[in-house]
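Asks: Give me a model of this one.
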Amino acid sequence: MAHQRSSQPRLSPGSYEDDIRAVLAPRLAYFEAVARHEHVTRAAQELGVPQSTLSRAMVRLEADLGVALFARKGRTVSLTPAGRTFLTSAERALAEVEKAADSVRADADPTAGRVSFGFLHTMGSETVPALIRAFRADHPRVRFQLVQNYGEAMIERLRAGGLDLCLTSPVPDAPDLVTRRLDEQRLRLVVPDDHRLATRRRIRLAEAADETFVTLEPGYGLRRITDDLCTEAGFTPRVAFEGEEAETLRGLVAAGLGVALLPPPAVARPGVVELTVTAPRAVREIGVAWLDGHPDTPPVAAFKRFLLSRRGNLLPD
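Replies: Below is the predicted model:
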């Protein structure tokens, strides 16, 4: 028994936006070439498709739109008023597609492509600039889109496709991510320079159990580490102020508003004393994360290799 041929898709009122993309998008380049040449055979030769295929595509396009786009005389065609209107938008759409293609090709260029790289605020003043400077010694034309944020926000952006790689802490453990531990950074108890503990060089964290703390907001990796270390030391910190920047917290400490567990500053800040914590071991792990199974462009792959080569030597002395 002979099978009936399936009908071509039409623009249905119930799902117009979905249908119009599926039906029209593949035919825009065909339409633009026929309109430009005003000749089906010459357009077919340029496109490298059979003339009959191109003719049928234009007939189907007009049928799907319900509008005559061409006035025909043999294989020569001219645009109707509706065809001229449609051509203006088709050319604009094709130009945007070409622009997008050029952009992604440029981003993937091995020597001059782009890397979208996220990192913690506390690594922005010294660590990341030093890393990029060292990487660009061998890859001088690679471009970077740099994003500073706290850990959870960066992981969300990584999953959404807005980042290629990110440096974060704590190092996340999730089935959709690949992570590598790169280094660890000692945390210090920062106190005002007129504080009762300011004459000390070392301290057990339990000795600060009665102090008022200033911390990063919940959701920040350093806040979670602070809470965990205080729990390990046998107390829950009494938090008076929460912020978004480590250096803002240092300023609050200098103003006498509390103490804080912080990584070392890029530049020493007056008004505070930074004490080595002897117990528990106060460090934060720094790692790199990327999405599992996502292919890397050549510049991303090169920067990833570079970061992994800095394992144990990521942070400035």
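
Asks: need the helices for the protein, in chain order.
Replies: Per DSSP state H, the chain carries helices over the ranges 16-24, 28-37, 40-47, 51-65, 81-107, 127-136, 151-159, 221-232, 246-254, 298-309.

Asks: Now tell me what touches the second one from outside.
Replies: Think helix 28-37. The contact list for helix 28-37 (CB atoms under 8 Å, 6 or more residues apart in numbering) reads 40, 43, 46-47, 49, 54, 57-58, 61, 69-70, 77, 79, 83, 86-87, 90-91, 93-94. From N, CA and C alone the C-beta is placed, and that goes for glycine too.

Asks: okay, and for the protein, where does confidence drop off?
Replies: 1-23, 317 (pLDDT under 70).

Asks: what about 90?
Replies: Of all residues in the chain, those with pLDDT under 90 make up the ranges 1-29, 64-65, 72-76, 93-94, 97-98, 101, 125, 219, 266-268, 316-317.

Asks: Identify each buried residue in stretch 278-291, please.
Replies: Pro280, Ala282, Val283, Arg284, Glu285, Ile286, Gly287, Val288, Ala289, Trp290, Leu291 (16 or more other CB atoms under 10 Å).

Asks: Just put these in a markdown table and tack on distance to Tyr30.
Replies: Formatted as a markdown table, these follow (distance: CB to CB, whole Å):
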| residue | distance to Tyr30 |
| --- | --- |
| Pro280 | 69 |
| Ala282 | 66 |
| Val283 | 62 |
| Arg284 | 58 |
| Glu285 | 56 |
| Ile286 | 53 |
| Gly287 | 50 |
| Val288 | 46 |
| Ala289 | 44 |
| Trp290 | 39 |
| Leu291 | 36 |
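
Asks: that older thread, of the contacts of helix 28-37, keep whichever come out buried.
Replies: Those of these that meet the buried threshold are 40, 43, 47, 54, 57-58, 61, 69-70, 77, 79, 83, 86-87, 90, by 16+ other CB under 10 Å.

Asks: Let me know how buried Arg42 is, in neighbour terms.
Replies: 16 (other CB atoms under 10 Å).

Asks: if I look at it, how far off is Val34?
Replies: 9 Å (CB to CB, to the nearest Å).

Asks: Next: Val49.
Replies: Taking CB to CB as the measure, Val49 falls 11 Å from Val34.

Asks: quick revisit: adding distance to Ser116, write the helices of the chain out as TSV.
Replies: Listed next are the helices of the chain as TSV, based on distance: least, CB to CB, whole Å:
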stretch	distance to Ser116
helix 16-24	27
helix 28-37	30
helix 40-47	35
helix 51-65	38
helix 81-107	9
helix 127-136	13
helix 151-159	9
helix 221-232	20
helix 246-254	24
helix 298-309	8
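
Asks: Just want the most central residue of this protein.
Replies: Computing the C-alpha centroid of the chain and ranking residues by CA atoms, centre = their mean puts Leu163 first, at 1.9 Å.

Asks: contacting residues around it?
Replies: With CB under 8 Å, 6+ apart, Leu163 has these contacts: Ser116, Phe117, Gly118, Val147, Met154, Arg157.

Asks: for these, which one is nearest Leu222?
Replies: Using CB to CB, Met154 comes nearest to Leu222 of the contacts of Leu163, at 13.4 Å.

Asks: beta partners of Leu146?
Replies: Phe117 (DSSP bridges).

Asks: so it touches Phe117, yeah?
Replies: Yes. Using CB atoms under 8 Å, Leu146 is in contact with Phe117, at 5.8 Å.

Asks: what touches both of the two?
Replies: What both Leu146 and Phe117 touch, as defined by CB under 8 Å, 6+ apart, is the set Val128.

Asks: neighbour-wise, which of these two wins?
Replies: Higher neighbour count among Leu146 and Phe117: Phe117, with 22 against 13, using other CB under 10 Å.

Asks: show me what contacts that one?
Replies: Phe117 touches Val128, Phe144, Gln145, Leu146, Val147, Leu163, Asp164, Leu165, Cys166, Leu167, Phe303, counting by CB under 8 Å, 6+ apart.
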